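> sequence first, then the predicted structure:
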Amino acid sequence: FTLELVLRLIHNGCMKFFTDGEDWSWNLFDFCIVSIGVLDAWVVPVVMGCLDMKKSKGVTSLITLLRTARLLRVLRVARL
């Protein structure tokens, strides 16, 4: 999903991707979902490892929230 989003951003340009056409809202939605996925998969584990926060309840709740938000991809598929 990340590669697809990057290629679409390169092809359309940032301003056109987020503002032009009838799909701008879906493009914004895709961007948010992919960003949450990147945070969940790459950034959160690095931060948790560096700060030794593996047992923090607040961080665990945040990770659960991020993973739940990624389930919103189903809406993207339903649009097709």
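On my side now, so go ahead. Numbering: from 1, shown residues only.

> ok, which stretches of this structure are helices?
Taking DSSP state H as the criterion, the chain carries its helices at 2-12, 14-19, 24-38, 44-51, 57-70, 73-79.

> check those helices for me and report the most buried one.
helix 24-38 (a mean of 15; mean count of other CB atoms under 10 Å). Any C-beta I mention is one placed from the backbone N, CA and C, and that applies to glycine too.

> still on that earlier bit, make JSON lines out of the helices of the chain and add mean pLDDT.
JSON lines is the format used below for these (pLDDT from 0 to 100):
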{"stretch": "helix 2-12", "mean pLDDT": "91"}
{"stretch": "helix 14-19", "mean pLDDT": "88"}
{"stretch": "helix 24-38", "mean pLDDT": "85"}
{"stretch": "helix 44-51", "mean pLDDT": "68"}
{"stretch": "helix 57-70", "mean pLDDT": "70"}
{"stretch": "helix 73-79", "mean pLDDT": "66"}
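
> just the terminal-to-terminal distance for stretch 17-25.
By CA to CA, to the nearest Å, the extent of stretch 17-25 from end to end equals 10 Å.

> ok now it, how far from the chain's centre?
Distance of stretch 17-25 from the chain centroid (CA atoms, centre = their mean, to the nearest Å) equals 17 Å.

> residues in contact with that stretch: which ones?
R8, L9, N12, N27, L28, F31 (CB atoms under 8 Å, 6 or more residues apart in numbering).

> can we see that at 6 Å?
For stretch 17-25, the surrounding residues in contact (CB atoms under 6 Å, 6 or more residues apart in numbering) are L9, N27.
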